[in-house]
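Trainee: Fold the following for me, if possible:
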Amino acid sequence: MELSIVSTLYNSEEFVPELLNKLITCIESMGISRNNYEIILVNDGSPDRSLNIAIEEKMKYRDVNIKIIDLSKNFGHHNAFLAGIEFTKGDYVFLIDSDMEVSPDYLPVFYEEIKNNPDIDVVYGYLEKRSINDYASVLFWWLFRKLSHLNIKLNMTTERIMNRNYVNGLLQIGDYNLFLGGLFEWVGFNQKGILVTRKFNRKVSNYNFSNKLKLFINAITSFTSYPLYLLFNLSIWIITLSLMYILYIVIKKIIYPQTILIGFTSIIASMYLIAGILLFSISLIGLYIDKIFNQVKNRPRFIIKKII
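Mentor: Reported below is the predicted structural model:
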């Protein structure tokens, strides 16, 4: 099979008909026959009628290889994409968000680029700049890049096409705490970015600030131990400065014994500062322990309810 396309469904009922229509139109304009490609839709426990509409649309395209994977509950955007990728058979795999904020019209562009350049394993989309309203995403990717030391494109999008060799490497990863944005880069291979444009089709994003914060914490704690080293260095500095201050007090007490050195306010302030640092440090270490705990339980990253 030449091409597999994977998309996930969550609050996507308004997009499914247009998504399938545009994808099929694009693929056939590329000269790929209907028995040589597949479209895989993964229902990530969507609370709306996304699944029912996908089934209805599948019946309209009886001669198109459309597969619908219905997960038993919402396992998250990244796990849902991985579920779809595991079922692909194509030599090339294209990922696209169902809301089509990045148009399916980029599929022929991505496909031509990877077909004409055998040395390229992945072609991904990136934005020239994000919207001023998308400040959380800008900050997210900037911090992740700084802390993980992965050379990730700051404005990378979900949309990408990957060859089978790269996909097989991606599927070898056994991380339970999955963050595809980092794994895409960590796997390696030769990757090339193509500038894309994006329009906002959703009235309300599935990723609010709270979800982005959770994703950021998961991304950092899954990919790097760097914050632990920062805390270690911070503790060394605090201990060093504290010892220097104690030495300063002792010397001043010897030279000026009548001087009142320490007040109640400064003691309380110091106690709160130290307590805050300790609480933050313990919480961060606890997050890493939680990641280890989830990994060793070896639970599946998703459970499939049925395949249509």
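Trainee: same for whatever helix or strand Ile24 lives in, what does it pack against?
Mentor: Assigning secondary structure by DSSP states H and E places Ile24 in helix 16-29. With contacts taken as 3 or more CB pairs under 8 Å, 6 or more residues apart in numbering; DSSP states H and E, helix 16-29 sits against strand 3-9, strand 37-43, helix 50-60, helix 107-116. Where you see a C-beta, it was placed from the backbone N, CA and C, and this is true even at glycine.
Trainee: Quick one: name whatever helix or strand follows the third one.
Mentor: Next along the chain after helix 50-60, taking DSSP H and E as the criterion, comes strand 66-71.
Trainee: CA atoms only for that next one, dumped as CSV, please.
Mentor: Extracted in CSV, the C-alpha atoms of strand 66-71 (Å, rounded to 0.1, in the frame of the first residue of the first chain):
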residue,chain,number,x,y,z
ILE,A,66,-11.7,3.8,5.5
LYS,A,67,-11.0,2.3,8.9
ILE,A,68,-12.5,3.6,12.2
ILE,A,69,-10.8,2.8,15.5
ASP,A,70,-13.0,3.4,18.5
LEU,A,71,-11.1,3.7,21.7
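Trainee: Could you list the paired strands of that strand along with their orientation?
Mentor: Within its sheet, strand 66-71 is paired with strand 37-43 (parallel), strand 304-307 (antiparallel), according to DSSP bridges.
Trainee: I'd like the mean pLDDT over it, please.
Mentor: Averaged over strand 66-71, pLDDT sits at 93.
Trainee: got it, and stretch 114-133?
Mentor: What stretch 114-133 shows for mean pLDDT is 80.
Trainee: Report the buried residues of that stretch.
Mentor: By neighbour count with 16 or more other CB atoms under 10 Å, stretch 114-133 contains the buried residues 114-115, 120-127.
Trainee: Most widely separated two among those residues?
Mentor: Using CB to CB, the buried residues of stretch 114-133 reach their maximum pairwise distance at Lys115 and Leu127, which is 23.9 Å.
Trainee: So which bits of the helix holding Ile24 are buried?
Mentor: Using 16+ other CB under 10 Å as the burial criterion, the residues of helix 16-29 that qualify are 16, 19-20, 22-24, 26-27.
Trainee: out of the residues you listed, who's nearest Asp97?
Mentor: Leu19 (9.3 Å).
Trainee: list the contacts for Asp44?
Mentor: Contact analysis of Asp44 by CB atoms under 8 Å, 6 or more residues apart in numbering lists 8-10, 71, 74-77, 79-80.
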